[in-house]
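**Student:** have a look at this fold, sequence not included:
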């Protein structure tokens, strides 16, 4: 049995499909789980309630923690540490391996121009401090021999199965409506994005590779860094639109936050867009011989899914 905690999110759904390569026993756990594969076992649960994680993990060989809480620092501070503690404890109790799907918020802001698994941990934001805390909680349990676990890290997302991401909401949606694509701060700054099908496939592979445990892995992401302008140009070409850009300056985030709540939360994260952001996944490629989907192919599939 392989169990996905947070199965209704984009990665959870894609991961459920990929796990069929390794097992026909997949348990999907969320508040209202939806079957992805014919043989899926569904378990409805609020994972923040006492005992819920223990019940969800029982009987599992591998557990994938891909929960996505509301994008608010206060919510993360309240909910993530107890969930990680419950998940680590449940995996230790039931002898399950743990795969934690993570992001890059804990990395030092001055080193995001080239991020590897060895990049310094020095979170510049409240959300980053939460990610540091919970990843250290997991790694300490591994070091002390309580569980077998690994961390699979991703850059920002894009992909055909995920409409709630920066590229879709700020670029594709606007271009489809005949408006200018939106971008933060500067369009000539490089920024990595992980293609969601690649992320899910690689996470399933890591979870089923015994010697991958005990380590941090960057999930396969295009090794060719591109700028916001280049991304918008590729998308506009696929959508038959003009690659016009409207830049959203830092000082606009606060007033926009009065009308668009997520903009308020973006204020502490804007450092990821005012400098180059390159996510290096060469460790994964060297180990497994698998590279990320090329930009052109991924954008074509994403645009096709979005425009129908």
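**Tutor:** Ah, there it is. Just so it is clear, the structure is predicted and the values come from calculations on it, not from any experiment. Numbers count the residues shown, from 1 in each chain.
**Student:** going by C-alpha atoms from here, please, whenever you check contacts or count neighbours.
**Tutor:** Fine.
**Student:** which residues touch the spatially most central residue of the chain?
**Tutor:** Central residue of the chain (CA atoms, centre = their mean): residue 154, 5.0 Å from the mean position. Residues in contact with residue 154 (CA atoms under 8 Å, 6 or more residues apart in numbering) are 101, 102, 103, 104, 194, 199, 218, 219.
**Student:** out of those, who's the most crowded?
**Tutor:** Counting neighbours by other CA atoms under 10 Å, residue 219 leads these with 32 neighbours.
**Student:** was I right about that residue contacting residue 156?
**Tutor:** No. Using CA atoms under 8 Å, residue 219 makes no contact with residue 156, being 11.2 Å away.
**Student:** shared neighbours of the two, anything?
**Tutor:** With CA under 8 Å, 6+ apart, residue 219 and residue 156 have common neighbours residue 194.
**Student:** how close does the residue nearest to the centre of the chain get to residue 281?
**Tutor:** According to CA to CA, to the nearest Å, residue 154 stands 9 Å off from residue 281.
**Student:** who touches both of those two?
**Tutor:** By CA under 8 Å, 6+ apart, the residues touching both residue 154 and residue 281 are 218, 219.
**Student:** so in terms of bridging, what pairs with residue 27?
**Tutor:** residue 3, residue 41 (DSSP bridges).
**Student:** neighbours of it, just the number please.
**Tutor:** 23.
**Student:** walk me through the domains of this protein.
**Tutor:** What automatic domain parsing lists as the domains of the chain is 2-156+194-218, 159-192+223-278+294-307.
**Student:** assign residue 100 to helix, strand or coil.
**Tutor:** strand (DSSP: H, G, I helix; E, B strand; the rest coil).
**Student:** before we move on, the earlier item: filter the contacts of residue 154 down to just the ones in strands.
**Tutor:** 101, 102, 194, 218 (DSSP state E).
**Student:** export the residues you listed to TSV and append columns for pLDDT.
**Tutor:** Shown next, in TSV, are the ones in strands among the contacts of residue 154 (pLDDT from 0 to 100):
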residue	pLDDT
101	98
102	98
194	97
218	98
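**Student:** return the member of those residues nearest to residue 2.
**Tutor:** Distance to residue 2 across the ones in strands among the contacts of residue 154 (CA to CA) is lowest for residue 101, with 14.8 Å.
**Student:** that closest one pairs with what?
**Tutor:** residue 152.
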